[in-house]
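Participant: mind looking at a prediction? Sequence and model below.
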Amino acid sequence: MTKEFLKELKKICPSGFIDKKEELLVYSFDTSENLEIIILPLAAVFPKTALEVSAIVKLALKHGVSIVPRLKGTNHCGGTKPTENSIVVNFSKMDKIINIDKENLIVEVEPGVVIGDLNKELDKLNLFFPPDPSNLAVSTIGGAIALCSGGPRTFKYGNTKDWVINLSVVLSDGSIIETGKNIAKNVTGYNLTSLFTGSEGTLGLIVKATLKLIPKPQTRLLTLCYFDSLKEAAQGAKNIIQSGLIPSTLDLIDKTTMCTIEKFNPSNLCTDFEAALLIELDGFFECIQYENKILEKILIESNAKKIIQTKNELENENIWKTRRSAFSALAQLKPSVVTEDIVVPKSKIVETVEFIQELGKKYNIITAVMGHIGDGNIHPNFALDFNDVIETENFKKLKDELFNFAIKNEGTLSAEHGIGLTKKKYLPLAIEKNALELMQKIKILLDKNNIFNPKKSL
C-alpha cells in the first residue's frame, strides 16, 4: 500500500517530491527540543497550488495517511514534527503575493510568503503589515496564522488574528472553503477565520490568506534605556502605559541576554545594568517629537540610568538586528536553546522574571529572559545540552515548575508559539474541562479521521 500511495503522491507533485531517507531526516526536526524518538515522514511534498493540496488530502484520506503541514520548520513546540505514518506537506513553493489592493488596504497572499519580504513590497506602496514575529527573514504568513503569532508590536497593533480577514482552507475531505470575505468588517455567520487562525494545522490546511493593511507610519524612534533592577524597569514600563502613550514596542531584556549578545555579537550594549527596556514609537514626525518628550520625562522619573535614542533608520535597524540576535547568540553557549513563551498579567511580570531566574539557578541551566512586557508575554531562553542526562532531567523539572507558576498566577502556556507536542500535557491545567472537551469536539467535527497534524495541540 505504501508504494502505491507514494507513486500516486508523486504524480500530484512530480517536481516537488522527496522520499529518500537521508533527505527526509531534516523534516523530522524543528527548533523544539528533540526529546522524542526521531520519526521520518513517508515523504515530503511541495505543492504549488490549492488544487494540488486538495488532491494530496484526498489521497492521504484514502490511504489513511496523516498530514503534517510545514514551512520553515522554526516551530518551538514540535508542531511541525512528523508523526507515525505521516507525510510532510511543505508550502514553501506557494509563496506568491497574489494581489495588493491599495485602495481597500488588503493583500492576498499564499502561505509561504515571508513576512519580511511582504513588508518590503508593501513599503514600495507606503503600506504596512504590523505583525512582527521575531525572525522576519524566515517567518511566513502561513506559520504566523497557524500559531497566531504576535511579536514585539502586539502591544499597539495586536497579533496576527487581528489582521486576517479571510482564509482559503482545504478541509479533511479535500474540499476548499472561504472562511470570510475580503472586507474589513464582517459578522455574517460564525467567525471561521478566527477558528482556523491559531489552530496549528490541526483543523485544515491554509492555502491563501487575505490580510488587512494600514498606511506605513511616517517615522519611528527607538529608545534603549537601562535600569539597575528588573523592578525599576518593570515600573518604568508600567509608568509608560499609565501615561497614555502607546508605543509600538515595549520590550524587556535582562542582563544575561545582553551579556550573551555582547559576547558573540558586539553591539555596544551596556552590560553593567540588570535590565533594559526597548521602546519604539511610530507615527507622524510631529507626533513622535511630542510623545518623545513625555517618554523621556517618564524614564527619568522612573530612575532610568542611561537613555539612548536613535537618530535615523539605519540606527533603528541596527538596534533591531541586535535584539533579534539573542537566540543565535545563546546558541553559542550550548548545543540547544529552548525558547518558551508564557504569558502572565502585566502586574505579575517582575515576580515571574525573578522566578524564572531562580529556576535557572536551582536547576543549573543557563537562563536568559526577554519579554514583550507591554502585553505580559515573557520569553525565557534556556541553553542546555540534551546529551547530558542530568541536565535534561533538570530541564523537565524546570518546565513543570515554569508552566505551573504561569497558570497559578493567572497566566497561561503560550502567547504565540503554540502548544504542539511539548506543551500538550499541560493543557488540562490551563483550560477548563468543558472548554477543552468542546475544542476536542470541534477537532472531531472538522477532522473525524484525525489526518491533520495528529497528536498536536489538543
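Facilitator: Okay, I see it.
Participant: quick one, strands of the stretch 201-350 of the chain?
Facilitator: 205-212, 214-215, 219-227, 249-254, 275-283, 306-309, 336-339 (DSSP state E, counting those that start in this stretch).
Participant: ok, the stretch 351-458 of the chain next?
Facilitator: Counting by DSSP E, counting those that start in this stretch, the stretch 351-458 of the chain has strands at residues 366-372, 377-384.
Participant: how about those, which one is nearest residue 281?
Facilitator: With C-beta to C-beta as the measure, strand 366-372 is the member of these nearest residue 281 (15.8 Å). C-betas here are computed from N, CA, C, even on glycine.
Participant: and the closest one with strand 249-254, angle?
Facilitator: Counting by axes from the mean of the first three to the mean of the last three C-alpha atoms, to 10 degrees, strand 366-372 lies at 160 degrees to strand 249-254.
Participant: circling back: looking at the strands of the stretch 201-350 of the chain, which has the lowest confidence?
Facilitator: Among those, strand 336-339 has the lowest mean pLDDT, at a mean of 92.
Participant: what pairs with that strand, and is each one parallel or antiparallel?
Facilitator: If you go by DSSP bridges, strand 336-339 pairs up with strand 377-384 (antiparallel).
Participant: circling back to that earlier point, export the strands of the stretch 351-458 of the chain to JSON lines and tack on distance to residue 169, mean pLDDT and mean neighbour count?
Facilitator: Listed next are the strands of the stretch 351-458 of the chain as JSON lines, based on distance: least, C-beta to C-beta, whole Å; pLDDT from 0 to 100; neighbours: other C-beta atoms under 10 Å:
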{"stretch": "strand 366-372", "distance to residue 169": "29", "mean pLDDT": "94", "mean neighbour count": "24"}
{"stretch": "strand 377-384", "distance to residue 169": "27", "mean pLDDT": "94", "mean neighbour count": "24"}
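Participant: so can I have a markdown table of the ones you listed showing distance to residue 305?
Facilitator: Compiled in a markdown table, these are given as follows (distance: least, C-beta to C-beta, whole Å):
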| stretch | distance to residue 305 |
| --- | --- |
| strand 366-372 | 19 |
| strand 377-384 | 23 |
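Participant: for residue 69, find the nearest of those strands.
Facilitator: Taking C-beta to C-beta, strand 377-384 is the member of these nearest to residue 69, at 24.2 Å.
Participant: now residue 143: closest residue in space that isn't a chain neighbour?
Facilitator: residue 71 (5.1 Å; C-beta to C-beta, 6 or more residues apart in numbering).
Participant: where does the one you found land on pLDDT?
Facilitator: pLDDT, read off for residue 71, is 95.
Participant: relative to residue 379, how far out is it?
Facilitator: In this view, residue 71 and residue 379 are 21 Å apart by C-beta to C-beta, to the nearest Å.
Participant: and residue 96, by the same measure?
Facilitator: Separation of residue 96 from residue 379 (C-beta to C-beta): 32 Å.
Participant: cool, residue 196 as well?
Facilitator: 25 Å.
Participant: before we move on, what about residue 92?
Facilitator: Counting by C-beta to C-beta, the gap from residue 92 to residue 379 is 26 Å.
Participant: out of the strands of the stretch 351-458 of the chain, which gets nearest to residue 81?
Facilitator: Shortest distance between residue 81 and the strands of the stretch 351-458 of the chain, using C-beta to C-beta, is found for strand 377-384: 19.1 Å.
Participant: from the chain's centroid, how far away is the closest one?
Facilitator: Averaging C-alpha positions (C-alpha atoms, centre = their mean, to the nearest Å) puts strand 377-384 14 Å from its chain's average.
Participant: what sits up against that strand?
Facilitator: Applying C-beta atoms under 8 Å, 6 or more residues apart in numbering, the contact partners of strand 377-384 are 150, 154, 252, 257, 326-327, 330-331, 333-344, 349, 352-353, 356, 360, 365-372, 391-392, 395, 398, 402, 415-416.
Participant: if we go to 7 Å?
Facilitator: For strand 377-384, contacts defined as C-beta atoms under 7 Å, 6 or more residues apart in numbering pick out 326-327, 330, 333-334, 336-344, 349, 352-353, 356, 365-371, 391, 395, 415-416.
Participant: hey, C-alpha coordinates of it in CSV?
Facilitator: Written as CSV, here are the backbone C-alpha positions of strand 377-384 (Å, rounded to 0.1, in the frame of the first residue of the first chain):
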residue,chain,number,x,y,z
ASN,A,377,4.4,37.8,27.1
ILE,A,378,7.7,36.5,28.6
HIS,A,379,10.3,34.6,26.6
PRO,A,380,12.7,32.7,28.8
ASN,A,381,15.5,31.1,26.8
PHE,A,382,17.3,28.1,28.2
ALA,A,383,20.7,27.0,26.8
LEU,A,384,21.5,23.3,27.5
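Participant: lowest average confidence, helix or strand, in this structure?
Facilitator: Every helix and strand of the chain was ranked by mean pLDDT, DSSP states H and E. The lowest is helix 326-330, at a mean of 88.
Participant: tell me the buried residues in that one?
Facilitator: By neighbour count on 16 or more other C-beta atoms under 10 Å, the buried set for helix 326-330 is 326, 327, 329, 330.
Participant: go ahead and confirm the last one touches residue 336.
Facilitator: Same thing as residue 330. No: between residue 330 and residue 336 there is no contact under C-beta atoms under 7 Å: 9.8 Å.
Participant: returning to that earlier point: nearest to residue 440, of the strands of the stretch 201-350 of the chain?
Facilitator: So among the strands of the stretch 201-350 of the chain, strand 205-212 is nearest, using C-beta to C-beta, at 20.0 Å.
Participant: excluding its backbone neighbours, what's nearest residue 361?
Facilitator: residue 367 (7.9 Å).
Participant: tell me the bridge partners for that neighbour.
Facilitator: According to DSSP bridges, the residues that bridge with residue 367 are residue 382.
Participant: how near is it to residue 360?
Facilitator: Counting by C-beta to C-beta, the gap from residue 367 to residue 360 is 3 Å.
Participant: shared neighbours, those two?
Facilitator: Common neighbours of residue 367 and residue 360 (C-beta under 7 Å, 6+ apart) do not exist.
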